[in-house]
Structure formats: structure tokens, C-alpha cells
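[1] Predicted model and sequence below, questions to follow.
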Amino acid sequence: MSVLVLAEHDNASIKPATLNAVAAASKVGGPVEVLVAGQGCAAAAEAASKISGVAKVLVADAAEYAHGLPENLALLLVELARSRTHVMAAATSTGKNVMPRVAALLDVAQVSEIVEVVSADTFIRPIYAGNALATVQSKDAIKVITVRATGFDPVPATGGSAAIEAVAAKGDAGLSQFKGQELSKSERPELTSARIVISGGRGMQSGDNFKLLESVADKLGAAVGASRAAVDAGFVPNDYQVGQTGKIVAPDLYLAVGISGAIQHLAGMKDSKVIVAINKDEEAPIFQVADYGLVADLFKAVPELDAELAKGR
Amino acid sequence: MQHGVYTNLPSLKTVHGHQMKVLVAVKRVVDYNVKVRVKADKTGVETANVKMSMNPFDEIGVEEAIRLKEAGKATEVVAVSLGVAQTQETIRTALAMGADRGIHVLTDVELQPLAVAKLLKAVVEKEQPKLVILGKQAIDDDCNQTGQMLAALLGWSQGTFASKIVPDGDNLTVTREVDGGLETVVLKLPAIVTTDLRLNEPRYASLPNIMKAKKKPIDQLTPDALGVDASPRLVTVKVDEPPKRKSGVKVGSVAELIEKLRTEAKVIP
């Protein structure tokens, strides 16, 4: 009996969150297998086979898995799950989309966004925007789980040499079709795996003003994020959102600029190692979680920060 | 009797037209502004004397359903909620926003997503909607499961984390908020949609509409009547407070901030 992890990938490479999911799976006990489902995904499967601690890679290479449609992917996962103790995926938009579908088809509960494995059937997960941590036990025969990446240090992407085995595709469910995507292009690191994140809120006043943050980000090798208010106002696209229902980040350094610090935003970043807040309102709740707070007008402070960083040491 | 047979038939418009009945699921949760406190006995969070509201994502769902009706794309909007007696208030909120009628599945049992999906499936089988809209996530348990589970149990397509939906004949085009940006899928109807924040901005119910909502019908059902075992599958062993961050310091200038980040926190070079 083994633990199956659904890989997050783009057919060519494995997305970093997979490494955190494998780390969680390793704590459950039993051999860890990784499923790479895609179209033309041999390179991703090859990369998965090198992940440290992976015993076997299963590959389902077929047109119906090209875009991760949950209706198709669930049929495959359900079949594979029946002979395993756990099925896990990172709590990415793909994992969150497909895993509950798998759980319902298996007639089992799902345990969402675990941050700790207590034992093979008991897990810790945040509830109420992280204001409480629930320890839950699943009595179901198969545990379907999504993993919050920030809860587990990633396993090394290399060092393994797992066997790669093809599995039969299950066909197209005929319920949905992929039509297109508009992905944000950026040279900067991915928000969820960046070592430093600089985020802007309503205080930024416009999308154009995010250039101030981008300039700082480029000097620090940081990713740029945003609060819900900034996304709702149309300053930046939805994929920038950090918070309870957006992206959960825990970088070494999180700079919150012009962000008041609503509970929902704190839920997405309060596990960062060091938090800096720059806000002109000294009563802003963000200062309650900040290690370093600077009460200042961001339009003065951020250019100054940028200039200081440009000077180097 | 012949007459009775004919009156039981659904309207021709529903069967042959492109118009549809829409079901929206709404959940009563601790209001999003409340700072929740973990109970001293660690069995959960304090919910006594705490303000309760409709889950914000479900408000977006109700709004979307009403807009479909206002645009002539939906024939009827039915709001469904499950849980204790006070759950009726949440249904009334949906009715005040503009839903036509309500269904309340009354139970005191702790409802987990799989049970909710099973109960909703039973309601869907009675009501035969073409579209069910749910919030993508409830802000209490943060599970993000119910819509996907309902789609699975019904064998329907699913458009989760929707920021735009466009019905077109037998299909529904859904723009989804995904980690990398936006994705568009075409779903075969009937379908499940779960809402994300940018789908719409929900309206406030006007006072006249709040008054009118008091007269709108709410049917009451029970899990037993629907033939569903709604018992929980997961056992909550305990609920703890998260570790507190130690309080930080205020710095007086950008120069001081950079100095601290370099020499004290050592997070920038």
C-alpha cells in the first residue's frame, strides 16, 4: 500500500509545490508514488523520477489530461486511489479543483490544506482564516488530502531515481472543454515559492504605482503580491492576491506596503519569517504582526528604499 | 386522472428553451469581520453571541443567479441552505436580495462537505435545476470542497473559482481564477459553478425587498426525508490557537529599516 501524490507540472517540468506535497506524503509512511498526468509529459515524468524519496512515477499521457480538466483527471485518480492508502496533492488551483471530486467519487471525506501530519490518519489544518488550528482524524479507508505548501519544507528535486511506469488513460468524460488561458507573464520568481515577497494594497492607489514595488522587487529578487483590495480595485491581476482565499505565502521576508492588514490578508502571509509593514496609518492592524514597522508615506518611503538598495552595501 | 398528469409536466419553456432554473447554496457562517476565539476546552471556536452572516462567496453566488434571471437567462432562482433553525435567516437574506423561494434542510448534526454535497444532490434531483452556484469556499471551515463534490456525485461538469460565466444554449463558458492567471473552459449543462471574488459585487437588499422576502416561501426538508446519511466522517480531535508572533518594533526611517533587515534579521544582503 502506498501514498499517491498528484504532480503539479507543465508537461516539461515539475512545479515547486509538488516537492512540498511529497514532503507531506513522506511523513505519512509507506512508499511515495507520483502521478504525472498530462499530454506529452515525458520530460515532467523524468523530472519527477529524480525527486528525492519518490519510489515510483506513474505517467498517464493522453489528450484528455492536457489541461488538467477535473472531470477527466478525477476518473483516473479514483481508479489509482482504490489500491492506495492516501491520495495527496498540493493545494494549488489544480489540486483544489480536482481532489474533492476524487474524494466524493470514492465516498470519502477530504482533508483540505493540511499543515502538519500527526499520524497516518490525523492531520492539522487551519480554519477560520488561520485563526484556529484543527486537528482532525479521518476514519475513511482512503485519505484524500490537499497540502498547504508552506507547512512542509520541500524535498530536494534531485537525488532520486524512481522507476517510471505508464498507466492507462481513462478517456474523456465528455463534460467540459478547455478553451484558453491568459497567464500572467513575469521574469520574477513565483509568488508561492519566492524567498522575498513585496505586496501592495489599496494604499498604492493605482496599478501604475505598482512599478514602485516592482523596482524594489527586481533589486531583491522578490515576487510581487497584493491584497484583495488592490486586486478588486483592478490595480493588478487576480493571481497576485495573497490571503485566505488567494495564495498562501511564507517567504523569508514579506514587505507589506500600503496594506491595512485585514484578517483575510494576514491569513495568507502571517507565517512569513520576517514581516515588514510600511503604512502611513500607525493604527493599521498590519503593524500587530510586523517585525519591523515603518509609519510613513509609501510614496516617499518606497522610492527611498529603492534608492538605498540600488546603492548596495 | 388525465388532468393531473398534464399539470405535473414541467413547462415547455424549461424543457425546450435555453432558459434555466438556478439553484444557489448558501451557508450561515461567523461574520467575516469577527475575530474568532478558540474555546477554552479546545472543542472548537466560540460561536455563542457572535454575529452570523451569509458566507461572502455565497452572496456572490446569489447575486450571479439573480443577474442571470434579470438578463432573461434564468427562469427561477432557488436558495438552499442546510443546518440549524436559524439558517432560515440566511435564506431570507437570499430572498431579500432577489431569490424567488427557499429550501431549508433542517438538521442539528455537524455538516461536513461530503454530507452537504449528498444533501444538495438530493435537492437537485427534486428540483432539476440546470445550474447550481455555490461559493468556492466557506470562510469558517475553509474547506473548498462542496461544489466539486456535488459535481462528482451528480456526474456534472464543474467550473470552480469563476470570475465570469456566460450561458450559451446547452453550454456554459466559465472564466476561472487559477494560480497563473485566468483559464476559460466550456462546460456542458447542467453544471456546477463555484464563485470567486471577482465574479460580481453583491447588492444590498433594499428595505422593501426585505419586507417582500418575508412572504416568499421556504420549504423545509430533513436529511431523513431526503434519504441521506449526513453524519460526519472526520473527527475533530481538538482545536488550538495558532502560535502568536512575538511583537515587533517600529523603525524611524528607511535607513534604519534596511540596517535591521541586513544585520539583525539577515534577510537581505
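    Thanks, I have it. Keep in mind the model is a prediction, meaning the values are calculated, not measured.
[2] Could you tell me how many residues sit around residue B:231?
    11 (other C-beta atoms under 10 Å in any protein chain shown). Backbone N, C-alpha and C define where each C-beta goes, glycine included.
[3] Number of residues surrounding the closest residue to it other than its chain neighbours?
    In this structure, residue B:231 finds its nearest non-sequential neighbour in residue B:109, 6.5 Å apart by C-beta to C-beta, 6 or more residues apart in numbering or on different chains. By the criterion of other C-beta under 10 Å, residue B:109 has 14 neighbours.
[4] ok, residue B:109 to chain A distance?
    14 Å (C-beta to the nearest C-beta, to the nearest Å).
[5] if I read this right, that residue contacts residue B:233, doesn't it?
    No: look at residue B:109 against residue B:233 with C-beta atoms under 8 Å: they stay out of range, at 11.9 Å.
[6] joint contacts of these two?
    Common contacts of residue B:109 and residue B:233 (C-beta atoms under 8 Å, 6 or more residues apart in numbering or on different chains): residue B:115.
[7] Can you classify the residue nearest to residue B:231 by secondary structure?
    What DSSP: H, G, I helix; E, B strand; the rest coil gives for residue B:109 is coil.
[8] got the contact list for it?
    B:115, B:223, B:230-232.
[9] Closest one to chain A out of the residues you listed, please.
    residue B:232 (8.1 Å; C-beta to the nearest C-beta).
[10] Tally up the residues packed near the closest one, please.
    Counted with other C-beta under 10 Å, residue B:232 comes out at 14.
[11] Ok, residue A:77 next?
    28.
[12] Kindly report the same for residue B:170.
    Residues near residue B:170, counting by other C-beta under 10 Å: 11.
[13] Backbone dihedrals for it, both of them.
    Note on residue B:170: its backbone torsions stand at phi -90, psi 0 [degrees, to the nearest 10].
[14] what about residue A:95, which SS state?
    From three-state DSSP, the assignment for residue A:95 is helix.
[15] Mind pulling up the pLDDT for it?
    According to the prediction, residue A:95 has pLDDT 98.
[16] Let me see the contact set for it.
    So, once contact is read as C-beta under 8 Å, 6+ apart, residue A:95 ends up touching A:6, A:8, A:21, A:89, A:146-147.
[17] taking the residues you listed one by one, which sit in helices?
    residue A:21 (DSSP state H).
[18] Could I have the buried ones of the contacts of residue A:95 as ChimeraX selection syntax?
    Buried residues within the contacts of residue A:95, by 16 or more other C-beta atoms under 10 Å in any protein chain shown, are selected in ChimeraX with:
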select /A:6,8,21,89,146,147
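[19] Nearest to residue B:123 among the contacts of residue A:95?
    For the contacts of residue A:95, the residue nearest residue B:123 by C-beta to C-beta is residue A:146; the value is 26.5 Å.
[20] these two touch, right, that closest one and residue A:125?
    No: contact status for residue A:146 versus residue A:125: not in contact, 9.2 Å apart, counting by C-beta under 8 Å.
[21] Quick check: neighbours shared by those two?
    Residues touching both residue A:146 and residue A:125 by C-beta under 8 Å, 6+ apart: A:111-114.
[22] Can I get those in CSV including pLDDT?
    Output for those, formatted as CSV (pLDDT from 0 to 100):
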residue, pLDDT
A:111, 98
A:112, 98
A:113, 98
A:114, 98
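[23] which among the residues you listed gets closest to chain B?
    Of all the shared contacts of residue A:146 and residue A:125, chain B sits closest to residue A:112, with 4.9 Å by C-beta to the nearest C-beta.
[24] pretty sure the closest one belongs to a helix, no?
    No: under three-state DSSP, residue A:112 falls outside any helix and is assigned strand.
[25] where's the closest residue to residue B:160 other than its chain neighbours relative to residue B:247, distance?
    Distances taken as C-beta to C-beta, 6+ apart place residue B:194 nearest to residue B:160, at 4.5 Å, with adjacent residues excluded. Using C-beta to C-beta, to the nearest Å, residue B:194 is found at 38 Å from residue B:247.
[26] just residue A:307 next, same as before
    Distance from residue A:307 to residue B:247, by C-beta to C-beta: 30 Å.
[27] and if you look at residue B:268?
    As judged by C-beta to C-beta, residue B:268 and residue B:247 stand 22 Å apart.
[28] ok, these two, which is more surrounded?
    residue B:268 (19 against 11).
[29] Give me the pLDDT value at that one.
    Residue B:268 is given a pLDDT of 93.
[30] is it true that it touches residue B:262?
    Yes: with contact defined as C-beta under 8 Å, residue B:268 reaches residue B:262; the gap is 5.9 Å.
[31] Find residues that contact each of those two.
    Counting by C-beta under 8 Å, 6+ apart, residue B:268 and residue B:262 have no shared contacts at all.
[32] need the next SSE after the longest strand along chain B, C-terminal direction.
    Criterion DSSP state E: the longest strand present in chain B is strand B:157-168. Using DSSP states H and E, the helix or strand that follows strand B:157-168 in sequence is strand B:171-178.
[33] Wondering if that following strand reaches chain A at all.
    Yes: under the criterion of C-beta under 8 Å from any C-beta of the partner chain, chain A is reached by strand B:171-178 at B:173, B:176-178.
[34] Toward the C-terminus, what is the element adjacent to that strand?
    Downstream of strand B:171-178, the first helix or strand assigned by DSSP H and E is strand B:181-188.
[35] Now that following strand: buried residues?
    So for strand B:181-188, counting by 16+ other C-beta under 10 Å, buried means B:181-188.
[36] is chain A contacted by that strand?
    Yes: Strand B:181-188 lies within reach of chain A by C-beta under 8 Å from any C-beta, at B:181-188.
[37] Can you give the strand pairings for that strand, parallel or anti for each?
    Within its sheet, strand B:181-188 is paired with strand A:176-183 (antiparallel), strand B:171-178 (antiparallel), according to DSSP bridges.
[38] How far does the first one sit from its chain's centre?
    The one in question is strand A:176-183. 20 Å (C-alpha atoms, centre = their mean, to the nearest Å).
[39] Residues in contact with that strand: which ones?
    So strand A:176-183 is contacted by A:66-67, A:69, A:71, B:157-159, B:173, B:178, B:180-188 (C-beta under 8 Å, 6+ apart).
[40] repeat for the last one
    The contact list for strand B:171-178 (C-beta under 8 Å, 6+ apart) reads A:93-94, A:179, A:181, A:238-239, B:131, B:159-167, B:182-189, B:191, B:193, B:196-198.
[41] do that again at 6 Å, thanks
    A:93, A:238, B:159, B:161-166, B:182-187, B:189, B:191, B:196 (C-beta atoms under 6 Å, 6 or more residues apart in numbering or on different chains).
[42] Tell me what angle it forms with strand B:157-168.
    Orientation check (axes from the mean of the first three to the mean of the last three C-alpha atoms, to 10 degrees): strand B:171-178 against strand B:157-168 gives 120 degrees.
[43] ditto for the first one
    Taking the same axes, to 10 degrees, one finds that strand A:176-183 is oriented at 80 degrees with respect to strand B:157-168.
[44] returning to what we had before: from the residues of strand B:181-188 next to chain A, pick the one nearest residue B:152.
    residue B:187 (14.1 Å).
[45] The closest one against residue B:157, yeah?
    Yes: contact criterion C-beta atoms under 6 Å: residue B:187 and residue B:157 qualify, at 3.9 Å.
[46] ok, residue B:34 - contacts?
    B:50-51.
[47] list the helices and strands the strand or helix carrying residue A:23 packs on?
    According to DSSP H and E, residue A:23 maps onto helix A:17-28. Judged by 3 or more C-beta pairs under 6 Å, 6 or more residues apart in numbering or on different chains; DSSP states H and E, helix A:17-28 is in contact with strand A:3-6, strand A:32-38, strand A:86-90, strand A:116-119.
[48] Recalculate using a threshold of 8 Å.
    Packing contacts for helix A:17-28, counted by 3 or more C-beta pairs under 8 Å, 6 or more residues apart in numbering or on different chains; DSSP states H and E, involve strand A:3-6, strand A:32-38, strand A:86-90, strand A:116-119, strand A:143-147.
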